[in-house]
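Peer 1: Here is a sequence together with a model predicted from it:
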Amino acid sequence: MNRCLINGIAAGHVSVSDRGLHYGDGVFETIACVAGSAEFVREHLSRMREGAGRLAIPFPDPALFLQDIAALLASADAAGDCVIKLMLTRGAGRRGYRYDPLLAPTRIALRSERPARVNRWKQGMRARFCETPVSVNSRLAGVKHLNRLDSVLASAELGESCDEGIMLDPQAHVIEGTMSNVFAVIDDVLVTPDLAHCGVQGIIRGKLLQGAAGLGLQTGVRELQQHELLAAAEVFVCNSVIGVCPVTQLAGRRKQPGPITSMLEQVLQHLIEIDVQAAE
């Protein structure tokens with residue numbers, strides 16, 4: 001089912017001189033597609049444009065990415081739910097870290113199957129704290145850039161006994177999961193880590209904070225300690241592919257899915273329905 005477009009043309013390779021390959025010099029987005037509809041496309045493209053701007057990578061006309069998405073979803077073998085990954089690299093250039101500002105960026109759109117394990121994760125995920133820390137660089141904080149080595153190394157720690165790893169900064173503050181954003185319910189307050197210095201500002205994270213405010217829930221974006229997460233009444237993780245998934249085991253401790261997690265899962269589904277209707 002995998003299919004790839006590079007600069008709008010069906011292909012399966014990029015230039016060996018592409019800076020995305022050499023240096024992780026680029027940005028990406030991962031978009032869930034259900035029943036032929038891509039979710040929160042406007043938000044994904046907006047974040048991608050912002051990230052590209054912070055890296056000084058020229059951003060193409062968003063209509064080109066929309067055409068790529070439409071082509072991938074319209075192809076004859078695009079059956080069922082899927083995931084589309086969009087990538088934008090600085091392009092193919094000369095050797096060395098310095099780049100030519102006139103390089104033509106490489107636009108990539110890749111369609112793949114929705115992971116089957118997501119259905120199991122919806123019932124509860126097993127998580128642990130990772131030893132690999134999140135790299136701190138305020139100039140890259142929030143950017144979904146192509147260099148994901150922190151997450152690669154942290155994911156290698158999980159083995160078969162865990163579904164997700166919780167990553168910390170060098171000061172041992174909770175930042176994010178290897179592939180997700182983290183939320184906790186602490187003293188009836190919905191808390192998520194402050195990502196001002198590192199971590200990825202997830203699209204679903206933003207939607208859940210918006211939805212929680214609409215429900216009148218008190219929220220907090222702040223430094224979060226390991227012991228607070230362990231003691232929290234509810235813990236869940238989220239991203240664009242898995243949606244909201246409760247954490248039912250954390251560092252070997254059992255945790256129960258709670259009412260706020262369930263409520264926010266329903267809110268997210270409602271927001272997705274509104275987004276899909278607006279796009280039709």
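Peer 2: Thanks, I have the structure now.
Peer 1: quick one: I272 and E39 touch, right?
Peer 2: Yes: contact criterion Cβ atoms under 8 Å: I272 and E39 qualify, at 5.4 Å. In short, each C-beta sits where N, CA and C put it, glycine included.
Peer 1: between those two, which one's more packed in?
Peer 2: E39 (23 against 18; other Cβ atoms under 10 Å).
Peer 1: Enumerate every residue touching the more buried one.
Peer 2: Contacts for E39 (Cβ atoms under 8 Å, 6 or more residues apart in numbering) come out as 31-33, 240, 272, 275-276.
Peer 1: again, 6 Å this time
Peer 2: Shown in contact with E39 (Cβ atoms under 6 Å, 6 or more residues apart in numbering): 32, 272.
Peer 1: how close does it sit to T132?
Peer 2: For E39, the distance to T132 equals 30 Å [Cβ to Cβ, to the nearest Å].
Peer 1: got it, and A116?
Peer 2: 27 Å.
Peer 1: Could you do V143 as well?
Peer 2: Counting by Cβ to Cβ, the gap from V143 to T132 is 19 Å.
Peer 1: Those two: which is more packed in?
Peer 2: V143 (21 against 18).
Peer 1: Give me the pLDDT for the nearest residue to R117 once chain neighbours are set aside.
Peer 2: Spatial nearest neighbour of R117, excluding adjacent residues (Cβ to Cβ, 6 or more residues apart in numbering): D163 at 7.7 Å. Per-residue pLDDT puts D163 at 97.
Peer 1: how many neighbours does D163 have?
Peer 2: Other residues near D163 come to 24 when the count uses other Cβ under 10 Å.
Peer 1: what do you get for the one 3 residues further on?
Peer 2: For I166, the number of neighbouring residues by other Cβ under 10 Å comes to 26.
Peer 1: what does stretch 250-265 rub up against?
Peer 2: Counting by Cβ under 6 Å, 6+ apart, 127-129, 185, 208, 233-236, 244, 246-248 sit against stretch 250-265.
Peer 1: can you check stretch 16-23 too?
Peer 2: 25-26, 89-90, 92-93, 106, 146.
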